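Participant: Quick check, what structure comes out for this input:
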Amino acid sequence: MRGVTWEWAYALAGALLLAGSPATRAEPAIGQFELKGLEAEPGEVEFQSQNAWSFGQPRRRIGQDEDGVVYDDNSVTRQRHALEIEMSLTHFLRMRVGIEYEKERFDEPALPALANSFDDLKLTEVAVEGVVILKPVPKEGGLGFGLLTEFEHPTEPGELNSILIGPIFGAQIDRWSALLNVMFIKHFGSGEMSEDGRERDDKWDIGYAAQVKYDFNPSWALALEAYGTFDRIGNSGGPDEGAQLFGDHDQHRAGPIVYHEWRVGGGRDGPKSQGAKVAGLDDDAGAKGKDDDDEEGVLMRVGTGVLFGLNDNTPDATLKLSFEAEF
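Facilitator: Okay, the predicted model is just below:
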């Protein structure tokens, strides 16, 4: 009889784990760890696979209010994988569509003992993105800027949509280059309603992605990258119980990333540019004097490195691995 009792207890615990509430949460907006550059060649198509695994996750904080147990709203993901297709429509406009799979921590676990448990890896989001290049970075070096817009729609019922908009800044001096993306992120729609009839939590966040890169040669480059989110601008949105009890959760991380690119097919082995597209800054830098045959084939690109957490809300380390194929 005791064995049967334990079997029922395990079954009940598993059922409760799967029955975690999908209620909307005011977690910080954490995007893919990639930078948007300032290049566009009409007709060019690119397949991208962006991947990340996080280690040393921050422990969940648990509290109590008059309605029961309250959990913090930090965004914790063990792994995430994005598949994207991008096309350059003109010299100043490119578009991208993508899907994202994540292994996320349960939003509302049924028991405090399950507070740090993770859901299965599953499809969590679809997105559409546009980049407008207002001034490309000159081939001989200098400054450039553009505009990024993106719409993100979660697949889970009751989750909030997001719209991102912000500037892209780029610079290049000889073998050195830099990129900065600043994103203003608005959460809206399909969310929980507060007692006074307002949508909750329709807040604004600020995200950023920054990179300083050095090209050793046309195939290899080393970059220092940083990614982060400032959770909630001012008093925007209506904080839920978790945000009221524990506050918001900024996340920041930085670390070295190595990039390598090579060409499959075409007139030669190796990239068509002076290593700049490894970081997505300027697809034509250093390409002066190259034959058209050098542009043929598929340009392959891989990037990998470790991003270290810079505060208590961020995982200790995140392994980044990206694959890109440009046609």
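Participant: quick one: low-confidence parts of the stretch 51-200 of the chain?
Facilitator: Low-confidence segments of the stretch 51-200 of the chain (pLDDT under 70): 190-200.
Participant: switch the cut-off to 80
Facilitator: The model of the stretch 51-200 of the chain has pLDDT under 80 over residues 62, 64-74, 107-111, 113-114, 158, 189-200.
Participant: the strands in it, which residues?
Facilitator: Along the stretch 51-200 of the chain, counting by DSSP state E, counting those that start in this stretch, strands occupy 62-65, 68-71, 77-88, 93-104, 122-135, 142-154, 161-173, 176-188, 192-193, 199-200.
Participant: closest one to residue 44 among the ones you listed?
Facilitator: Ranking the strands of the stretch 51-200 of the chain by proximity to residue 44 (Cβ to Cβ) places strand 77-88 first, at 4.5 Å. For the C-beta atoms, the positions are set from N, CA and C on the backbone; glycine is no exception.
Participant: Identify the residues contacting the closest one?
Facilitator: 30, 32, 39-54, 57, 94-105, 118, 121, 129 (Cβ atoms under 8 Å, 6 or more residues apart in numbering).
Participant: again, only this time at 6 Å
Facilitator: 32, 40-42, 44-54, 94-104, 118 (Cβ atoms under 6 Å, 6 or more residues apart in numbering).
Participant: Leaving out chain neighbours, which residue sits closest to residue 188?
Facilitator: With Cβ to Cβ, 6 or more residues apart in numbering as the criterion, residue 188 has its nearest non-adjacent residue at 5.1 Å, and that residue is residue 202.
Participant: before we move on, back to that, will you turn the strands of the stretch 51-200 of the chain into TSV that also has mean neighbour count?
Facilitator: Output for the strands of the stretch 51-200 of the chain, formatted as TSV (neighbours: other Cβ atoms under 10 Å):
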stretch	mean neighbour count
strand 62-65	12
strand 68-71	16
strand 77-88	18
strand 93-104	18
strand 122-135	16
strand 142-154	17
strand 161-173	19
strand 176-188	20
strand 192-193	14
strand 199-200	19
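Participant: could I get those strands as a markdown table with distance to residue 252?
Facilitator: Output for the strands of the stretch 51-200 of the chain, formatted as a markdown table (distance: least, Cβ to Cβ, whole Å):
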| stretch | distance to residue 252 |
| --- | --- |
| strand 62-65 | 24 |
| strand 68-71 | 22 |
| strand 77-88 | 16 |
| strand 93-104 | 20 |
| strand 122-135 | 22 |
| strand 142-154 | 20 |
| strand 161-173 | 17 |
| strand 176-188 | 14 |
| strand 192-193 | 28 |
| strand 199-200 | 26 |
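Participant: closest to residue 226 out of these?
Facilitator: Per Cβ to Cβ, nearest to residue 226 of the strands of the stretch 51-200 of the chain: strand 176-188, 9.7 Å.
Participant: need the helices for the chain, in chain order.
Facilitator: All helices of the chain, identified by DSSP state H, fall at 2-18, 241-246.
Participant: Next one: residue 235 from residue 248, what distance?
Facilitator: Using Cβ to Cβ, to the nearest Å, we find residue 235 at a distance of 11 Å from residue 248.
Participant: I misspoke; the intended subject was residue 37.
Facilitator: 30 Å.
Participant: Now residue 64. Nearest residue, chain neighbours left out?
Facilitator: Nearest one to residue 64, counting by Cβ to Cβ, 6+ apart, is residue 70 at 6.5 Å.
Participant: so the one you found touches residue 62, yeah?
Facilitator: No - Residue 70 lies out of contact with residue 62 (Cβ atoms under 6 Å); the separation is 7.2 Å.
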